[in-house]
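J.: for reference, the sequence and a predicted model appear below.
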Amino acid sequence: MTNLQALPPFRLGVCYYPEHWPESMWDDDFSRMKELGFSIVRMAEFAWAIFEPEEGVFDFSLFDRALDSAHRHGLQVILGTPTATPPAWLTQTYPESLNVTLEGVTLQHGMRQHTNHTSPIFLELCARITLKLAEHYKDHPALAGWQLDNELNCEMAVFYSESDHQAFRLWLQKKYETLDRLNEAWGTVFWSQTYSDWSQVHLSRPTASPKQPNPHLALDEKRFISDSTIAFAKRQADIIREICPHHWITTNGLFGHLDSHRLTDELLDFFSYDSYPQFSSIFYDEKEEAPLYDRNWSLTLTAVRSISSNFGVMEQQSGPGGWVNRMDMPSPRPGQMRLWTYQSIAHGADMVLYFRWRTATVGNEIYWHGINDYHNKPNRRVREAGQIGGELARIGDFIAGTRNQASIALVRDYDNEWDGEYDVWHGPFSWQSGKAWFKAMQRRHIPNDILYLRESNELADLLAYKILIYPHPAILREETAALLEEYVRAGGTLIFGCRTGYKDERGHCYMLPFPGTAASLTGISVDDFTRIKGTRKPVDMRWHPTVPDANGASKPSLAEGQAEDVAAILTRADEFNEILQVEADEVTVEAVYASDYYAGKPAVTRRRVGLGEVWYFGAVFNPESAGHLLDRLHAESPTEEWLRLPAAVELTLRSGNSGTYAFVLNFGDEPAAITVLTPKVDLLSGSTIHGEYKLAPYDVLILMA
């Protein structure tokens, strides 16, 4: 449903909680927001107890005055439906609305997102407060749009209340119709799990091995949770659409067990996200080689862009963050708040709101620092926000509505993500390989998209990209495999990794040689395989040298079995090794394993199919192997002819009616030497840049390409 008209012109703003501050501060706060260049504020997403202090008793007076004050200062308002934090009277009177853990422990009042999405009384009360808010504020001149709830499935993405078990049974009855079909889909013949009555069917429950449910049940459980969450949000969206058709609707998220693409298609005008780049810094794997830290957040923003090509950022990190007991993030260095703002914009944000205006003095988030500190005096974050506000006042309308440009996409899908949470034989590999490819492309300054494969995809969606990288799709439906073959035959390049194609949509393993539904397309089978773990040590791949073929493309210069006699590039074969066997004449072996009992056996293959080609990589990708494949495919930066950038700098491109803009972001703490071979105008400064240029630490250029 993405409605691009809902976003432009560019909006910069902040999250504000008038209920936290004396009313005597409001006018000064709103006045200073306007001075910084802000045009929009979000409020009320946690204020249910203010709006309905007693059941059925409504009081809008506090927010009436707050919206009136914002309007007097020329600010627009986003109202949140306050259903993430129900009041104490609700959970006390209706404890069936509370969420329950897998172990059967009922969550209690005092946090947020502690309810379930299936309790009939909770759904009714959420609909009622949404209706009252929509009716009351539908004509307020300050109100621009609505945020549904807040961070759906954030605190917990699993639900085990009694109403959830009941709703799950109804969902399964609609999906499978009979117990025989359910038993077949879940493979309940294994371990005598066969159901003879619907009352025996539940969501996951504790078993002899803790958190060890039937894997097919676990996959359906996540699909059910997603559907329940979307249905929960839909009740609110439908009310707002009917009463406030002139307002746009969004929600903020990207959390677990939620098909955010379907949510957006069916309910929203555009998707919104909460951008905290330091999460990538504090939660990174300490064993990771050359981590990207906050730059890695661009991968997450790319996923957001796959949902909504132009999106909002409802919470942009503006200071050090943390609750009293976790997420103790350090203070952003001078310039990083601005860098992170443009990071969001570079990846598709047409609206950015900072979290928050002033740091809370009470509650769990007293250390989640906003633009203003407790003392409310000027600080460097306020000054930096003012600089950003001034810049975006000048350039915002040029970049609003433009879209990112990329010729390569990393392919994902919800079935494999959800199945892979439980299945350690493929799940961890997808994230590892995705980061490896992202690193390799980042350091070569090759922008990429993320493409979520869904049943609604058509060939044109795939042909938007020259190269698709689908690292480890264990679940690969026959229909999806057929679509991918169409893509390759039409001229696309498709890259698979190990553990591809061996499961159907139920999570059953095909009774086919690996790689299952991808075998006919790749022209190979898997002769043998092993996990690389414990006493099984990692091996290398030896890549065959290449020579140009008659069409100018690279091809292996040697046949299988000859490579061991020739010096070649070596890259690691991580985590899992599949020993490949050529089954079709068009297949060439691009690399072989360098050691262990399968030394000299095929590790990487390529097959020409129609106008395109398909590659199969028999291991988990790392940045070196991904980079080598990019080199073999002659993939290069789209600005190669006019711009030279060091590895510490990110490049993204946005294009639209106003032109094409190259965002150049320095994530390093040292100046970055760049070279602009053709004179270009920097949109931020208006200066023409040509030749050598020193980009300061955390600085940004937006070059008119």
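T.: Yep, it's here.
J.: from now on I want contacts and neighbour counts done on CA atoms only, so please keep to that.
T.: Noted.
J.: and the residue nearest the centre of the chain, how far is that from Ala464?
T.: Most central in the chain under Cα atoms, centre = their mean is Ala303, positioned 3.7 Å from the mean C-alpha point. If you measure Ala303 against Ala464 using Cα to Cα, to the nearest Å, the figure is 16 Å.
J.: thinking again about what came up before, now do the contacts for the residue nearest to the centre of the chain.
T.: Listed by Cα atoms under 8 Å, 6 or more residues apart in numbering, the contact partners of Ala303 are 449-450.
J.: switch the cut-off to 10 Å
T.: For Ala303, the contacting residues are 254, 309, 347, 410, 412, 449-452, by Cα atoms under 10 Å, 6 or more residues apart in numbering.
J.: name the member of the residues you listed with the most neighbours.
T.: His347 (28 neighbours; other Cα atoms under 10 Å).
J.: that one reaches Ala662, doesn't it?
T.: No. In this structure, His347 is not within contact of Ala662 by Cα atoms under 10 Å, at 11.2 Å.
J.: between those two, which contacts overlap?
T.: The contact lists of His347 and Ala662 share 404-405, 652-654, where a contact means Cα under 10 Å, 6+ apart.
J.: list just the nearest of those to Arg381.
T.: Of all the shared contacts of His347 and Ala662, the one sitting nearest Arg381 is Thr652; the distance, using Cα to Cα, is 25.6 Å.
J.: isn't there a strand covering that closest one?
T.: Yes. Using DSSP: H, G, I helix; E, B strand; the rest coil, the assignment for Thr652 is a strand.
J.: wait, what's in contact with it?
T.: By Cα under 10 Å, 6+ apart, the contact list for Thr652 reads 298, 343, 346-348, 404-406, 442, 445-448, 637-639, 661-665, 702.
J.: give me the buried subset of those residues.
T.: Among the contacts of Thr652, those classed as buried by neighbour count (16 or more other Cα atoms under 10 Å) are 298, 343, 346-348, 404-406, 442, 445-448, 637-639, 661-665, 702.
J.: in helices only, show me the residues you listed.
T.: 298, 343, 346, 442 (DSSP state H).
J.: same list (these) but as JSON lines, adding pLDDT.
T.: What follows is those, written out as JSON lines (pLDDT from 0 to 100):
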{"residue": "Ser298", "pLDDT": "98"}
{"residue": "Gln343", "pLDDT": "98"}
{"residue": "Ala346", "pLDDT": "98"}
{"residue": "Gln442", "pLDDT": "98"}
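J.: can you lay out those as a markdown table showing distance to His73?
T.: Compiled in a markdown table, those are given as follows (distance: Cα to Cα, whole Å):
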| residue | distance to His73 |
| --- | --- |
| Ser298 | 34 |
| Gln343 | 29 |
| Ala346 | 29 |
| Gln442 | 42 |
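J.: which single one of those is nearest to Met33?
T.: For those, the minimum distance to Met33 (Cα to Cα) is 21.9 Å, reached by Gln343.
J.: ends of stretch 490-505, what's the gap?
T.: From the first residue to the last, stretch 490-505 extends over 26 Å; the measure is Cα to Cα.
J.: which of the ones in helices among the buried ones among the contacts of Thr652 lies closest to Phe51?
T.: Nearest to Phe51 among those: Gln343, at 36.1 Å, using Cα to Cα.
J.: distance check, that closest one against Gly312.
T.: Going from Gln343 to Gly312 by Cα to Cα gives 13 Å.
J.: same question, Phe663
T.: Remark: distance between Phe663 and Gly312 (Cα to Cα) = 18 Å.
J.: try Trp368
T.: Counting by Cα to Cα, the gap from Trp368 to Gly312 is 21 Å.
J.: looking at those two, which is more packed in?
T.: Under the neighbour definition other Cα under 10 Å, Trp368 and Gly312 were set side by side, and Gly312 has more, 29 against 22.
J.: partners of that one in the sheet?
T.: Ser272, Met351 (DSSP bridges).
J.: pretty sure it contacts Arg42?
T.: No. With contact defined as Cα under 10 Å, Gly312 does not count as touching Arg42 (12.0 Å).
J.: and for these two, which residues touch both?
T.: Overlap between the contact sets of Gly312 and Arg42, as judged by Cα under 10 Å, 6+ apart, is given by Leu353.
J.: name the helices or strands packed onto the strand ranked longest in the chain?
T.: Among the elements of the chain assigned as strand by DSSP state E, the one spanning the most residues is strand 672-681. When contacts are defined as 3 or more Cα pairs under 10 Å, 6 or more residues apart in numbering; DSSP states H and E, strand 672-681 packs onto strand 643-644, strand 649-656, strand 659-666, strand 688-695, strand 700-704.
J.: give me the mean pLDDT for that strand.
T.: When the per-residue pLDDT values of strand 672-681 are averaged, the result is 98.
J.: for burial, what's the neighbour tally of the residue lying closest to Leu182 once chain neighbours are set aside?
T.: By the measure of Cα to Cα, 6 or more residues apart in numbering, the closest residue to Leu182 outside its immediate chain neighbours is Tyr176, 5.7 Å from it. The criterion is other Cα under 10 Å. On that basis, Tyr176 has 15 neighbouring residues.
J.: check contacts around Tyr176.
T.: Taking Cα under 10 Å, 6+ apart as the criterion, Tyr176 is in contact with 170, 182-185.
J.: repeat for Pro646
T.: Taking Cα under 10 Å, 6+ apart as the test, what Pro646 contacts is 443-445, 666, 672-675.
J.: one more time with 8 Å, if that's ok
T.: Contacts were defined as Cα under 8 Å, 6+ apart; by that measure Pro646 touches 443, 672-674.
J.: next: Met111.
T.: For Met111, counting by Cα under 8 Å, 6+ apart, the contacting residues are Thr85.
J.: name the SS class of it, please.
T.: Bear in mind the rule, three-state DSSP; under it Met111 is coil.
J.: cool, and Asp423?
T.: coil.
J.: next SSE after the helix or strand hosting Arg128?
T.: Using DSSP states H and E, Arg128 falls within helix 120-137. Taking DSSP H and E as the definition, the helix or strand that follows helix 120-137 towards the C-terminus is strand 143-147.
J.: any idea which helix or strand comes after that next one?
T.: Remark: after strand 143-147, the chain's next helix or strand is helix 162-176, criterion DSSP H and E.
J.: and the following helix or strand past that following helix, how far out from the chain middle?
T.: Proceeding C-terminally, helix 162-176 gives way to helix 179-186 as the next helix or strand, assigned by DSSP H and E. In terms of Cα atoms, centre = their mean, to the nearest Å, the gap separating the centre of helix 179-186 from the centre of its chain is 33 Å.
J.: for whichever helix or strand comes after helix 179-186, list every residue counted as buried.
T.: Scanning the chain past helix 179-186 towards its C-terminal end, the next helix or strand to appear is helix 215-243 (assignment: DSSP H and E). Buried residues in helix 215-243, counting neighbours by 16+ other Cα under 10 Å, are found at 215-237, 239-241, 243.
J.: now swap in stretch 372-388 and tell me
T.: 372-373, 381-382, 384-386, 388.
J.: in strands only, show me those residues.
T.: For the buried residues of stretch 372-388, not one is inside strands, with DSSP E as the criterion.
J.: which of the residues you listed sit farthest apart?
T.: Across the buried residues of stretch 372-388 (Cα to Cα), the longest gap, 18.5 Å, separates Asp373 and Ile388.
J.: name the nearest residue to Val649, ignoring sequence neighbours.
T.: Across the structure, with Cα to Cα, 6+ apart as the measure, the residue nearest Val649 apart from its sequence neighbours is Asn666 (4.5 Å).
J.: ok, that neighbour touching Leu695?
T.: Yes. Using Cα atoms under 8 Å, Asn666 makes contact with Leu695 at a distance of 7.0 Å.
J.: out of those two, which sits in the busier spot?
T.: Neighbours per residue (other Cα under 10 Å) separate Asn666 from Leu695, with Asn666 holding more: 27 against 19.
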